[in-house]
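Novice: Sharing a model that was predicted from the sequence below.
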Amino acid sequence: MEGKEERGARQPPVQQGERIEVDIIGIGKDGDGVAKVEGFVVIIQGARKGERHEVEITKVLQRVAFADIVKPQEE
């Protein structure tokens, strides 16, 4: 028996320490940037809507991940 996997739960598509490039698609309630990776929400402190950044995933929860900007958007 596979438990949660059988009921549609899936593993987050990102892992702590992973570096990825994301497009900031919105702003969260605390003013942080919001991106999505395969539909999974990633919160990036200091990012603004419309920016693109290379980020490093710092924490992964079941429904959301947090990341820091590694390489700021070039102007």
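Specialist: Yep, that arrived. Since the structure is predicted, the reported quantities are computational estimates derived from the model, not experimental observations.
Novice: Next up, the contacts around the most centrally placed residue in the chain.
Specialist: Geometric centre of the chain, nearest residue: Val42, 1.9 Å, by CA atoms, centre = their mean. Neighbour list for Val42: 14, 22, 34-36, 55, 57, 64-67 [criterion: CB atoms under 8 Å, 6 or more residues apart in numbering]. (C-beta placed from N, C-alpha, C; glycine too.)
Novice: Then Gln45?
Specialist: 32-33, 66, 68-69.
Novice: most neighbours, which of these?
Specialist: Within the contacts of Gln45, Gly33 tops the neighbour count with 25 neighbours, counted by other CB atoms under 10 Å.
Novice: my guess is that one contacts Gly46, does it?
Specialist: Yes - at 7.2 Å, Gly33 and Gly46 qualify as touching, with contact defined as CB atoms under 8 Å.
Novice: Can you report phi and psi for the residue lying closest to Val55 once chain neighbours are set aside?
Specialist: For Val55, ignoring the flanking residues on the chain, the nearest one in space by CB to CB, 6 or more residues apart in numbering is Ala67 at 3.9 Å. In terms of degrees, to the nearest 10, the main-chain angles of Ala67 are phi -140, psi 160.
Novice: How many residues are close by Ala67?
Specialist: Counted with other CB under 10 Å, the neighbours of Ala67 add up to 28.
Novice: Report the beta-bridge partner residues of it.
Specialist: Beta-bridge partners recorded for Ala67 (DSSP bridges): Ile44, Ile57.
Novice: Now for it: which residues touch it?
Specialist: 20, 22, 35, 42-44, 55-58.
Novice: ok, now with 10 Å
Specialist: When contacts are counted by CB atoms under 10 Å, 6 or more residues apart in numbering, Ala67 touches 14, 16, 18-20, 22, 32-33, 35, 37, 42-45, 47, 53-60.
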